[in-house]
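Q: need a structure here:
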Amino acid sequence: MIDNLRDGPRGTTVLGLAIGAAGIALLWAGGQDFPVYPPPGIVILGVGAVFVLGGPWRWVPGVGAFLGLFVLVGFAVEAVVGGDGIANLSGTEGGARQLGQAVQLVGVTTALFAGTTATRHAYRTPR
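A: Residues are numbered from 1 along each chain as shown. The predicted structure follows:
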């Protein structure tokens, strides 16, 4: 498992997912309403980070990339339909939510690009 953290893109994917989950935790601490307890995004990104960290298959970092894309698409859809994401990011809902939204977006964007890179690298490297 530790070797997977030392693998640059794969370790960065894990870090991005963990940062994304931390951003959701900051949103929650800042007063963002979530439909259930705990916020599903924390669980999904946290389990995804553990899976990418421990999974032995070459395609596993792609799961991290998919989770990053999933959250980013959700943010974009929410922006179109008038959700809280843009208000959070602009700071109108308070500094904690602004920070949380920014941290979440940075984390999942990192997971998307690093996971894509790690998966590509895994399939180009002979096993």
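Q: which secondary structure elements does the lengthiest helix in the chain contact?
A: Looking across the chain with DSSP state H, the single longest helix is helix 95-124. Helices and strands touching helix 95-124, by 3 or more C-beta pairs under 8 Å, 6 or more residues apart in numbering; DSSP states H and E, are helix 8-29, helix 40-54, helix 60-81, helix 85-90. (Glycine included, C-beta is placed from N, CA and C.)
Q: Val106 is nearest to which of those helices?
A: helix 8-29 (6.5 Å; C-beta to C-beta).
Q: picking that back up, I'd like the helices and strands packed on helix 95-124 as TSV, with mean neighbour count and distance to Ala114 appended.
A: TSV is the format used below for the helices and strands packed on helix 95-124 (neighbours: other C-beta atoms under 10 Å; distance: least, C-beta to C-beta, whole Å):
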stretch	mean neighbour count	distance to Ala114
helix 8-29	22	4
helix 40-54	18	10
helix 60-81	18	7
helix 85-90	18	22
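Q: a markdown table for those helices, including distance to Tyr123?
A: Output for the helices and strands packed on helix 95-124, formatted as a markdown table (distance: least, C-beta to C-beta, whole Å):
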| stretch | distance to Tyr123 |
| --- | --- |
| helix 8-29 | 12 |
| helix 40-54 | 16 |
| helix 60-81 | 10 |
| helix 85-90 | 34 |
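Q: pick out the shakiest of these, pLDDT-wise.
A: Set side by side, the helices and strands packed on helix 95-124 differ in mean pLDDT, and helix 85-90 is lowest with a mean of 80.
Q: that helix: how far from the chain's middle?
A: 17 Å (C-alpha atoms, centre = their mean, to the nearest Å).
Q: cool, stretch 94-105 as well?
A: That offset, for stretch 94-105, works out to 14 Å (C-alpha atoms, centre = their mean).
Q: circling back to that earlier point, of all the helices and strands packed on helix 95-124, which one is nearest Gln101?
A: helix 85-90 (4.0 Å).
Q: for the closest one, C-alpha coordinates in CSV please.
A: Provided in CSV are the C-alpha atoms of helix 85-90 (Å, rounded to 0.1, in the frame of the first residue of the first chain):
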residue,chain,number,x,y,z
GLY,A,85,-22.0,25.7,-5.4
ILE,A,86,-21.5,29.1,-7.1
ALA,A,87,-22.8,31.0,-4.1
ASN,A,88,-20.4,29.0,-1.9
LEU,A,89,-17.5,29.6,-4.2
SER,A,90,-18.2,33.3,-4.5
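Q: thank you, goodbye.
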